[in-house]
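In: Predicted model, plus sequence, below.
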Amino acid sequence: MLRILFEANRDCFVLTQPLAENKLEECMIIEELPKALCVYFLAMMILFLSFPALGYEITDKFSIGGVLAGGYQYQWADGDDNLGRGALPFQPEMSFQPTMQDEIFARLGFAAANGLNEVTDFNLAPWAADLEDDVTNINGRDRDYLLLAWYRHTFQFSNTNSLHLTGGIIDSTDYIDENAYSNDEYTQFLNEALVNGPNGFFPSYDIGGAAEWEVGNFDITGVAMNVGENDDGNNYNFFGGQIAYHLATPVGYGKYRLIFDTTSKEFLNEDRDEKERRIGAFLSFDQELGDILGAWIRFGWSDDAAFIDYDTLYSGGLNITGKWYGRKKDNIGIGYAYLHGQNDFDYTRVAEIYWRVMFNDYFAATADLQYMKDKFTTDDDDVKGFIGGIRLTAEF
């Protein structure tokens, strides 16, 4: 069987083919191919091996899935160069459920290029996906490509009362700061401001645990993580909690969340002479408004004792399904975010609209347009402009 190895210090990925027993393995290095083609080749190979089980269980206990996305964005900006870049992330995942109460899960992440994120002067990422730099040396742990690896056990007390306990390498945004219309950079908004609260500090892909208690219409969640390093190079602990309420109304389903998070005292202050903890609180609501419309908001506040770019976030928007023109799986998203700045920033504004067209259950194309403005404390540094893009996504 073909074995796949990934080495971060090469221009491409490495494929190794085991030879006969008691013989050394022969290594083929595909140096002549750009990394994008290697990621595409790997994705197509996994898609081929999993077909026709796309979106289905391989056995009654083992299933595979994932997402492959290709995106290209071009910016027209005052105060920055006009330029375009693309990127190709691929994230396969595997789930094993030995019993109804237990699950072992893993997700890998590979990517070619960093898109506009690497070269733009805008402070927030135009595409919040896990791109090439994001999947190597994750959180300073010297770990590449392994994003998630956790075990979960469920205690089912009744039909309306259950407790899920998870431990391993986790992502805090899988448990808190969720939103039905503003939470997925592969199928919804692209800009960082409209995926999660960028003035927050919700870490991903590190060691931790989560407890989710579902009782009646309430979900109560707690997350604790140890993160390899922050932007200051310090290891820190993260703690987050969320109380969510499910509401069924005559116009549709809604979910309303109150979120609180904090860290250990490992973040430098503005003068870089003392360490402070980070503290934040958020509201995240989403509500259906009939069969076609949905609305969402996310408000957040962060303490400014540590050096931060933003202390307050106000964001919200609409989701419009394609049912009004006869394609109910399509959708249009409209979002706006205002972030009040600290230190170098006066404020940042982001507006985004996208139209996502579903070809079938697995493949979709998204046309996207963003407007961004960063106003700095020095007026000469201001950057504003538009970013247009297209995203192709395959989910399996």
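Out: Received, thanks. Numbering: from 1, shown residues only.
In: Need the residues that contact the helix or strand containing residue 153.
Out: Residue 153 is part of strand 146-158 when elements are defined by DSSP states H and E. Strand 146-158 is contacted by residues 91, 93, 100-109, 130, 135, 138, 162-171, 204-205 when judged by Cβ atoms under 8 Å, 6 or more residues apart in numbering. Yep, even glycine has a C-beta here, placed from its N, CA and C like the rest.
In: Among the residues you listed, the buried ones, what's the ChimeraX command?
Out: Buried members of those, defined by 16 or more other Cβ atoms under 10 Å, are picked up in ChimeraX with:
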select :91,93,103,105,106,107,108,109,130,135,138,164,166,168,169,170,171,204,205
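In: Quick check: residue 113 vs residue 135, distance?
Out: For residue 113, the distance to residue 135 (Cβ to Cβ, to the nearest Å) stands at 12 Å.
In: Residue 308 now?
Out: 25 Å.
In: Likewise for residue 381?
Out: The gap separating residue 381 from residue 135 is 31 Å, by Cβ to Cβ.
In: can you check residue 301 too?
Out: According to Cβ to Cβ, residue 301 stands 31 Å off from residue 135.
In: Also residue 325?
Out: 37 Å.
In: where does residue 193 fall, helix, sheet strand or coil?
Out: helix (DSSP: H, G, I helix; E, B strand; the rest coil).
In: That one: neighbouring residues, count only.
Out: As a burial measure, residue 193 scores 30 neighbours (other Cβ atoms under 10 Å).
In: Who are the contact partners of it?
Out: The contact partners of residue 193, by Cβ under 8 Å, 6+ apart, come to 124, 313, 315, 337, 339, 348, 350.
In: mind running it again at 10 Å?
Out: By Cβ atoms under 10 Å, 6 or more residues apart in numbering, the contact list for residue 193 reads 123-125, 128, 182, 199, 298, 310, 313, 315, 335-339, 348-352, 370, 372.
In: Same check on residue 329?
Out: With contact taken as Cβ under 10 Å, 6+ apart, residue 329 is in contact with 321-323, 356-361, 364.
In: now residue 141
Out: Shown in contact with residue 141 (Cβ under 10 Å, 6+ apart): 169, 205-207, 227-229, 235.
In: Output those in JSON lines; the columns should cover pLDDT.
Out: JSON lines is the format used below for these (pLDDT from 0 to 100):
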{"residue": "169", "pLDDT": "98"}
{"residue": "205", "pLDDT": "97"}
{"residue": "206", "pLDDT": "98"}
{"residue": "207", "pLDDT": "98"}
{"residue": "227", "pLDDT": "97"}
{"residue": "228", "pLDDT": "96"}
{"residue": "229", "pLDDT": "95"}
{"residue": "235", "pLDDT": "97"}
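In: For residue 289, see how far away residue 302 is.
Out: For residue 302, the distance to residue 289 - Cβ to Cβ - is 30 Å.
In: next one: residue 140
Out: Distance, residue 140 to residue 289, using Cβ to Cβ: 44 Å.
In: where do the strands sit along the stretch 101-250 of the chain?
Out: In the stretch 101-250 of the chain, the strands defined using DSSP state E, counting those that start in this stretch lie at 102-108, 110-112, 146-158, 161-170, 206-215, 218-227, 236-249.
In: looking at those strands, which is buried most?
Out: Most buried of the strands of the stretch 101-250 of the chain, by mean neighbour count (mean count of other Cβ atoms under 10 Å): strand 110-112, with a mean of 24.
In: can you give me the helices in the protein?
Out: Secondary structure of the chain (DSSP state H): helices located at 35-50.
In: Could you list the low-pLDDT ranges of the stretch 251-396 of the chain?
Out: 379 (pLDDT under 70).
In: repeat for the stretch 101-250 of the chain
Out: The stretch 101-250 of the chain contains residues with pLDDT under 70 at 199.
In: Contacts only, for residue 248.
Out: 217, 254, 288.
In: could you redo the strands of the stretch 101-250 of the chain as JSON lines and give each row distance to residue 263?
Out: JSON lines is the format used below for the strands of the stretch 101-250 of the chain (distance: least, Cβ to Cβ, whole Å):
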{"stretch": "strand 102-108", "distance to residue 263": "24"}
{"stretch": "strand 110-112", "distance to residue 263": "27"}
{"stretch": "strand 146-158", "distance to residue 263": "21"}
{"stretch": "strand 161-170", "distance to residue 263": "16"}
{"stretch": "strand 206-215", "distance to residue 263": "12"}
{"stretch": "strand 218-227", "distance to residue 263": "8"}
{"stretch": "strand 236-249", "distance to residue 263": "5"}
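In: out of those, nearest to residue 276?
Out: Of all the strands of the stretch 101-250 of the chain, strand 236-249 sits nearest to residue 276, with 11.1 Å by Cβ to Cβ.
In: tell me the angle of the closest one relative to strand 218-227?
Out: Here the directions of strand 236-249 and strand 218-227 differ by 160 degrees (axes from the mean of the first three to the mean of the last three Cα atoms, to 10 degrees).
In: Any idea how far strand 236-249 is from the middle of the chain?
Out: How far strand 236-249 lies from its chain's middle: 17 Å, per Cα atoms, centre = their mean, to the nearest Å.
In: Which strand residues bridge residue 288?
Out: Beta bridges link residue 288 to residue 294 when assigned by DSSP bridges.
In: which ones are touching it?
Out: Residue 288 makes contact with 180-181, 248-249, 251-255, 294-295, 319, 321, according to Cβ under 10 Å, 6+ apart.
In: cool, and residue 187?
Out: 67, 69, 331, 333, 354, 356, 358, 364, 366, 391, 393, 395.
In: Quick check, the last one in contact with residue 361.
Out: Yes. Because the distance of 8.3 Å satisfies Cβ atoms under 10 Å, residue 395 is recorded as touching residue 361.
In: higher neighbour count, those two?
Out: residue 395 (16 against 11).
In: ok, what's across the strand from that one?
Out: In this entry, residue 395 is beta-bridged to residue 67, by DSSP bridges.
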